[in-house]
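Enquirer: dropping the sequence and predicted coords here.
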Amino acid sequence: MDTEYRNSVKLLEMLESKQARIAVIGLGYVGLPLAVTVALRGFSVTGFDIDADKISRLEEERSYIDAVTDEMLNEASRIGSVNWTTDFSGLAKCDVIVICVPTPLTRHREPDLSYVEDTAKVIAQNMLEGTLVVLESTTFPGTTKEVLTPVLASGGLCPGKDFWVAFSPEREDPGNKDYRTHSIPKIVGGDSEISRKLAVSFYSKVVDEVVPVSTTSTAEAVKITENIFRAVNIALVNELKVIYDAMGIDVWEVIDGASTKPFGFMPFYPGPGLGGHCIPIDPFYLTWKAREFGHTTRFIELAGEINVNMPQFVISKLREVLDLKCGKGLSTSRILLVGISYKKNVPDMRESPSVTLMDMMLKSGAEVDFLDPHIDRIPAMREFAHLLGRESVSSVEVGDADYDAILISTDHDAIDYEALIRLNVPIVDTRNAIARRGLPTEMVSKA
């Protein structure tokens, strides 16, 4: 019996009996729900992160993201063996290692794989023979094979013999209460038939449905295609919004009307720009990779250009409203920005267009407050360091303040929109939040 076969049979048996020890590296919006879900399904799990504050909170069974409650952390500890640590030497005790680290863009909008590469180096230094390594971080097709595997092999073990590599893209949707980690179908691709079989065995014990694909590159392409589909369609309705606005047509009414067609139409909705980790970033990963093959992605790049320029349109609309209804310029105005996170009902600041809007208003000389029931203060971000620590105003403070206009950027359900209307100042609504709730729209301009 050769080493590869012996090692794979042993790991497969451990996975089937749930005796395999699982490591999850990166305990953010993807890694923490996965780690907890794996533990709730009866595996022994160790969560690794470089952030000591996160580890301290988890050890106290206090969650820091909405998708995982304190009760879930307590239940995971009760059902399975769960550990949280910053000590990566513990990877030597793990049989499956899942990587859930960020894959941002550089300032030049090129892929930044430094988190993946640094994590792979740490794994290479610690993992033992017979380990399955799975990358979940969204990236361009070829990353697992061309970037991750060579770094893992630098530790001296042989890929396909001593360890196996797979890719299974995360599909988390923060704030979506209809789908959880276990109920979202899991795409799985391996660098060999054995790798795929091992990864399928693991995930089939954790999620309700596993969808195997032929290779890691195919699995990577699946995820990036999903996000490009959304980015392009959002760009389309954003462009239509600008055009219809010039014609005096309400794009929201148009979309509602088109949505009554029972076939051939899928509604997407405009906004002030794209936010979150995936949709604003992932299309550029494919754009970058396509150049290697001598191709351009004109359609994708145009969509990106439209979405990136949406904050400019919103600020233009705000200037117009201030001029017509207040007789003031933006530079001498006080603005209330409603919603600072990128998406309704979540405390997620990643790539939030609201931050871009705030920055643009401040640079124009405006005084800007923000109101967000999910974010007390602006955290450290890769950009906009000068906004760090700005605090959300309270509902009481809003009522007592003298604002010239309100800009609704994120339509959280917890916002008291009737109270905003009672302030009797112009409202620029980028999310159709007022009309959608059947509230008076006399003071509202859509953007």
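Expert: Yes, it's here.
Enquirer: using the record's assignment, carve this protein into domains.
Expert: What automatic domain parsing lists as the domains of the chain is 3-214, 240-446.
Enquirer: can you say which of those is nearest to Val222?
Expert: Smallest distance to Val222 across these (CB to CB): 5.1 Å, for domain 3-214. Any C-beta I mention is one placed from the backbone N, CA and C, and that applies to glycine too.
Enquirer: which of the domains of the chain is buried the deepest?
Expert: domain 3-214 (a mean of 19; mean count of other CB atoms under 10 Å).
Enquirer: how far does that domain sit from the chain's center?
Expert: 17 Å (CA atoms, centre = their mean, to the nearest Å).
Enquirer: now do the buried residues in the helix or strand harbouring Thr225.
Expert: Element membership for Thr225 (DSSP states H and E) is helix 216-247. With burial defined by 16 or more other CB atoms under 10 Å, the residues of helix 216-247 counted as buried are 216-217, 219-224, 226-228, 230-232, 234-235, 237-242, 244-245.
Enquirer: can you put the domains of the chain in TSV and add mean pLDDT?
Expert: Below are these laid out as TSV (pLDDT from 0 to 100):
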stretch	mean pLDDT
domain 3-214	94
domain 240-446	93
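Enquirer: the closest residue to Glu59 other than its chain neighbours: what secondary structure?
Expert: Of all residues not flanking Glu59 in the chain, Trp84 sits nearest, at 5.6 Å (CB to CB, 6 or more residues apart in numbering). Following DSSP: H, G, I helix; E, B strand; the rest coil, Trp84 is assigned to strand.
Enquirer: before we move on, what about Ala166?
Expert: strand.
Enquirer: try Leu322
Expert: With three-state DSSP as the criterion, Leu322 reads helix.
Enquirer: residues contacting it?
Expert: Lys328, Gly329, Leu330, Ser333, Asp404, Ala405, Pro426 (CB atoms under 8 Å, 6 or more residues apart in numbering).
Enquirer: and it, how far from Ile65?
Expert: 37 Å (CB to CB, to the nearest Å).
Enquirer: please name the nearest non-neighbouring residue to Leu73.
Expert: Glu61 is the one closest to Leu73 (CB to CB, 6+ apart), at 4.3 Å.
Enquirer: tell me which helix or strand the one you found sits in.
Expert: Under the criterion DSSP H and E, no helix or strand holds Glu61.
Enquirer: can you give me the helices for the stretch 51-200 of the chain?
Expert: 52-59, 70-79, 114-126, 143, 149-153, 193-204 (DSSP state H, counting those that start in this stretch).
Enquirer: among these, which is nearest Arg107?
Expert: Closest among the helices of the stretch 51-200 of the chain, using CB to CB: helix 114-126, at 13.2 Å.
Enquirer: which residues are contacting the closest one?
Expert: 25-26, 88-92, 97, 99, 101-104, 133, 135, 137, 139, 143, 147-148, 151-155, 157.
Enquirer: related to what we said a few turns ago, so which elements touch the helix holding Thr225?
Expert: strand 163-167, strand 186-190, helix 251-258, helix 282-292, helix 298-308, helix 310-321 (3 or more CB pairs under 8 Å, 6 or more residues apart in numbering; DSSP states H and E).
Enquirer: tell me which of those sits nearest to Gly175.
Expert: helix 282-292 (18.7 Å).
Enquirer: what packs against the closest one?
Expert: helix 216-247, helix 298-308.
Enquirer: which residues touch the residue nearest to Glu59?
Expert: Counting by CB under 8 Å, 6+ apart, Trp84 makes contact with Leu27, Thr46, Gly47, Asp49, Lys54, Ile55, Leu58, Glu59.
Enquirer: which of the helices or strands spans the second one?
Expert: It refers to Thr46. Per DSSP H and E: Thr46 is located in strand 44-48.
Enquirer: return the list of strands paired to that strand, each annotated with direction.
Expert: The pairing partners recorded for strand 44-48 under DSSP bridges are strand 21-25 (parallel), strand 82-85 (parallel).
Enquirer: what does that strand contact?
Expert: 20-27, 31-32, 35, 38-39, 58, 76, 80-88, 90-91, 93-94.
Enquirer: what do you get if the cut-off is 7 Å, keeping everything else the same?
Expert: 21-25, 27, 31, 35, 38-39, 58, 80-85, 88, 90, 94 (CB atoms under 7 Å, 6 or more residues apart in numbering).
Enquirer: what does the helix or strand containing Val368 contact?
Expert: Following DSSP H and E, the helix or strand that holds Val368 is strand 367-371. Here strand 367-371 makes contact (CB under 7 Å, 6+ apart) with 334-338, 340, 358, 361-362, 392-393, 398, 401.
Enquirer: which element follows that strand toward the C-terminus?
Expert: helix 395-400.
Enquirer: that following helix: how far from the chain's middle?
Expert: 31 Å.
Enquirer: just the CA atoms of that helix, as CSV, please.
Expert: Extracted in CSV, the C-alpha atoms of helix 395-400 (Å, rounded to 0.1, in the frame of the first residue of the first chain):
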residue,chain,number,x,y,z
SER,A,395,-31.7,59.4,18.0
VAL,A,396,-32.0,62.1,20.7
GLU,A,397,-29.0,64.0,19.3
VAL,A,398,-30.5,63.8,15.8
GLY,A,399,-33.8,65.4,17.1
ASP,A,400,-31.9,68.2,18.7
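Enquirer: list the helices and strands it packs on?
Expert: Contacts defined by 3 or more CB pairs under 7 Å, 6 or more residues apart in numbering; DSSP states H and E place helix 395-400 against no helix or strand at all.
Enquirer: how about a cut-off of 10 Å?
Expert: Packing contacts for helix 395-400, counted by 3 or more CB pairs under 10 Å, 6 or more residues apart in numbering; DSSP states H and E, involve strand 334-338, strand 367-371, helix 417-422.
Enquirer: okay, the ones you listed in JSON lines with distance to Asp178 next?
Expert: Compiled in JSON lines, these are given as follows (distance: least, CB to CB, whole Å):
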{"stretch": "strand 334-338", "distance to Asp178": "25"}
{"stretch": "strand 367-371", "distance to Asp178": "27"}
{"stretch": "helix 417-422", "distance to Asp178": "24"}
